[in-house]
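Trainee: Sequence and predicted structure, then a few things I'm wondering about:
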Amino acid sequence: MKKCWFTWERRRRLSRDTWELVLTGGTSQDTAAITAPGEFVNIALPGRYLRRPISVCDWTKYHLILLVKEAGEGTRELIDTVPGTRLDVLAGLGSGFDFSPETVGTNPVLAGGGIGAAPLYGLAKRMKEAGQAFRIALGFRSEEDAIYVEEFSALNCPMEIATEDGSLGAKGFVTDLIPENAYVLACGPTPMLKAVHSLPQVTGGQFSFEARMACGFGACVGCSIQTAGGPRRVCKEGPVFRKEEIIW
Amino acid sequence: MVDLSVNLAGVTMKNPIIPASGTFGYGREFAEWYDLDILGSFSWKGTTAQPRTGNSQPRIAEAPAGMLNAVGLQNPGIDAVIAEEVPNIARIFHGPVIANIGGFSLEEYAENCRKLEDVVQAAILEVNISCPNVHAGGKNFGSDPESAAAVTRAVKAVTKKPVFLKLSPNVTDIAGIARACADAGADGLCLINTLLGMRIGLKDRRPVLANRTGGLSGPAVFPVALRMVWDVYEAVGKDLPIIGCGGVSSARDAIEMMLAGASAVEVGAANLRDPYACKKIIEDLPAVCEELGIDKISDLTGGAHDD
């Protein structure tokens, strides 16, 4: 965890409501605060009291890549930030994905729904770098809503896409793309997570949750959810929870 | 060299800055950000007899210059706090701790406080009679002078530690409740808890918080808190110390709160926006005091009142 200043560098439109933002850290120590894919950053915006928690899509020595979907005024302001603006960022928050081969086994499937594809990209890149085999399964409402398809494709890993209207890939849902005996690493809207979690062919997995948060580092317990082991903070023990911990 | 030390009912603190209950857990999370020993004290999370999981999600909403929370007194329960958190506090903080205590009956308040009698770090008991987020718990006791006095007496009967009552701003006459607590033997007061508020989602036309209402905190409430500290100081300031709490975000806010009548200052929501909020206030205080010609910060208490 580190409180640091990132400079809002540039943006690129990915779909009608989703943008890729590139932020640059002041030193190489800033992105070094991020230790695993699936962690998030909490960004202070001028004139807004609560920070905006945003999942980390990818990071390099100096750059932070975030995929931001316009959800309200705060995210709109983050997307419309003037290039060169310095943003107060808490980096390296939460517990991300554990993608060690001992944990994910021989059949890991990265399952993303909509904006939930964001942290899976950073995860896929690092699993690829580690020489691990995995499949990618992404679901979107339609081709218009699909994001980061080219970036995922460039990783040259087995990938399938489903859209609700069939405009891109198979017609259907991401749940239709999950093979037998899958260990899923999932991120997406709650109904999608719940559907994936309940699939009989899913033998195990990790699921990344969203919650309204205040601090983002465990102090206020505002984001606490019920799990099999008792209350757990989405911002601290999560956002990634193991399949067996989750109760709906 | 500015003297930042303050005294609260016989408990000396190296400075008047205290992270407020509910924004600081039991210290663990902030110990990852800075050395807690710079703090005057900290007020731990409101603790009840039984473990509580709190309210449903969502529990947090934004507000202009502040936030709403409806956590609902989630805590591991007094026995787990004594067994697991107190030994950890001994490792991360070596000053006096303010033990915030919640309850749903006079017996529960008394029992929780009695259990803390042998916990040496718990220097002050801060009895929460003002949580706005639990139904039939806490707040009702703080809503009228007689029940506030009854809690004060119940707790004073079982402890030798200084007892501070944490008061609700959601009342008609906070000074009257303060007077009742003072007459019942309170050693000090802490005010204010959060102000009851709500938000509604424009798309789904439903309250944002699952609990419907939540407690407003942050800079938005600072002038309200300041006014209430002023009124309570007028009513009981000669008799007992006041911890001023509500929207304090800077060293200047802390000084203003002390001028209104506070002997020490709790900092709440600011910790959640900036984990270093209290550290920065403590670091800024000497220079701001020097600029304002303050040699001894405790001289400020009530300084804005006529004699």
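Mentor: Yep, it's here. Computed from a predicted structure; not experimentally measured. Numbering: from 1, shown residues only, chains lettered A, B, ... in the order given.
Trainee: What residues does chain A have near chain B?
Mentor: Selection of chain A residues close to chain B by CB under 8 Å from any CB of the partner chain yields A:1, A:3, A:44, A:48-51, A:74, A:88, A:90, A:211-215, A:217-226, A:230-231, A:236. Quick note: C-beta positions are derived from backbone N, CA and C, even for glycine.
Trainee: how about a cut-off of 6 Å?
Mentor: A:49-50, A:212, A:214-215, A:217-222, A:224, A:231 (CB under 6 Å from any CB of the partner chain).
Trainee: any chance of these in a markdown table, plus pLDDT?
Mentor: As requested, the residues of chain A next to chain B are exported to a markdown table (pLDDT from 0 to 100):
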| residue | pLDDT |
| --- | --- |
| A:49 | 97 |
| A:50 | 97 |
| A:212 | 95 |
| A:214 | 97 |
| A:215 | 97 |
| A:217 | 98 |
| A:218 | 97 |
| A:219 | 97 |
| A:220 | 97 |
| A:221 | 97 |
| A:222 | 97 |
| A:224 | 97 |
| A:231 | 95 |
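Trainee: Need the max-distance pair from these.
Mentor: Maximum pairwise distance in these, criterion CB to CB, is 24.7 Å, between A:49 and A:231.
Trainee: So for those two, which sits in the more crowded spot?
Mentor: Neighbour totals were compared for residue A:49 and residue A:231, and residue A:49 leads with 21 against 17 (other CB atoms under 10 Å in any protein chain shown).
Trainee: Can you give me the distance of the closest residue to residue B:46 other than its chain neighbours to residue A:139?
Mentor: Closest residue to residue B:46 apart from its sequence neighbours, by CB to CB, 6 or more residues apart in numbering or on different chains: residue B:102 at 4.3 Å. Per CB to CB, to the nearest Å, residue B:102 is found 44 Å from residue A:139.
Trainee: Neighbour count: the two, which is higher?
Mentor: Neighbour count, other CB under 10 Å: between residue B:102 and residue A:139, residue A:139 has more, with 30 against 26.
Trainee: Show me what the helix or strand harbouring the more buried one packs onto, helices and strands only.
Mentor: Secondary structure from DSSP states H and E places residue A:139 in strand A:135-140. Under the contact criterion of 3 or more CB pairs under 6 Å, 6 or more residues apart in numbering or on different chains; DSSP states H and E, strand A:135-140 touches strand A:108-113, strand A:159-163.
Trainee: Restricting to C-alpha, output the lengthiest strand in chain B in PDB.
Mentor: Longest strand of chain B, by residue count under DSSP state E: strand B:122-128. Extracted as PDB, the C-alpha positions of strand B:122-128 are listed here (Å, rounded to 0.1, in the frame of the first residue of the first chain):
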ATOM      1  CA  ALA B 122      -8.100   1.400  28.200                       C
ATOM      2  CA  ALA B 123      -7.500   4.700  29.900                       C
ATOM      3  CA  ILE B 124     -10.900   6.300  29.200                       C
ATOM      4  CA  LEU B 125     -14.200   4.600  28.600                       C
ATOM      5  CA  GLU B 126     -16.200   6.400  25.800                       C
ATOM      6  CA  VAL B 127     -19.700   5.200  26.100                       C
ATOM      7  CA  ASN B 128     -21.600   5.400  22.800                       C
END
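Trainee: downstream neighbour of that strand in the secondary structure list?
Mentor: helix B:139-142.
Trainee: who does that next one touch, helix- and strand-wise?
Mentor: Right, helix B:139-142 is packed against helix B:145-156 by 3+ CB pairs under 6 Å, 6+ apart.
Trainee: buried sites along the helix it packs on?
Mentor: Buried positions in helix B:145-156, judged by neighbour count with 16 or more other CB atoms under 10 Å in any protein chain shown: B:145, B:147-156.
Trainee: Can you pull out the residues in contact with that helix?
Mentor: B:106, B:109-110, B:113, B:127, B:129, B:141-142, B:163, B:165, B:176-177, B:180-181, B:184-186 (CB atoms under 6 Å, 6 or more residues apart in numbering or on different chains).
Trainee: Flag the shaky bits of the stretch 201-307 of chain B, pLDDT-wise.
Mentor: For the stretch 201-307 of chain B, no stretch has pLDDT under 70.
Trainee: Mind jotting down where the strands sit in it?
Mentor: Here the stretch 201-307 of chain B has its strands, by DSSP state E, counting those that start in this stretch, at B:214-217, B:242-245, B:264-267.
Trainee: want to throw those strands into JSON lines with distance to residue A:179?
Mentor: Converted to JSON lines, these look like this (distance: least, CB to CB, whole Å):
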{"stretch": "strand B:214-217", "distance to residue A:179": "44"}
{"stretch": "strand B:242-245", "distance to residue A:179": "56"}
{"stretch": "strand B:264-267", "distance to residue A:179": "52"}
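Trainee: For the ones you listed, give me JSON lines that also has distance to chain A.
Mentor: As requested, those are exported to JSON lines (distance: least, CB to the nearest CB, whole Å):
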{"stretch": "strand B:214-217", "distance to chain A": "9"}
{"stretch": "strand B:242-245", "distance to chain A": "16"}
{"stretch": "strand B:264-267", "distance to chain A": "12"}
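Trainee: Redo those as CSV? Include mean neighbour count and distance to residue A:17.
Mentor: As requested, the strands of the stretch 201-307 of chain B are arranged in CSV below (neighbours: other CB atoms under 10 Å in any protein chain shown; distance: least, CB to CB, whole Å):
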stretch, mean neighbour count, distance to residue A:17
strand B:214-217, 30, 28
strand B:242-245, 30, 40
strand B:264-267, 30, 37
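Trainee: how about those strands, which one is nearest residue A:172?
Mentor: Of the strands of the stretch 201-307 of chain B, nearest to residue A:172 by CB to CB is strand B:214-217, at 39.7 Å.
Trainee: neighbouring contacts of that closest one?
Mentor: B:63, B:66, B:68-70, B:132, B:194-195, B:197, B:268-269.
Trainee: One more: stretch A:65-82?
Mentor: A:8, A:17-22, A:45, A:48, A:52, A:54, A:57-58, A:115, A:118.
Trainee: Identify the farthest-apart pair in these.
Mentor: A:48 and A:58, at 25.0 Å, using CB to CB across these.
Trainee: longest single strand anywhere in chain A?
Mentor: Under DSSP E, chain A gives strand A:2-13 as its longest strand.
Trainee: nearest residue to residue A:213 other than its sequence neighbours?
Mentor: Residue A:213 sits nearest to residue A:223 (CB to CB, 6+ apart), 4.5 Å away.
Trainee: hmm, back to that, of the contacts of strand B:214-217, which are in range of chain A?
Mentor: B:66, B:69.
Trainee: Tell me which entries of the contacts of strand B:214-217 lie within strands.
Mentor: B:63, B:66, B:68-69, B:195, B:197.
Trainee: Surely residue B:164 forms part of a strand?
Mentor: Yes - Residue B:164 sits within a strand when classified using DSSP: H, G, I helix; E, B strand; the rest coil.
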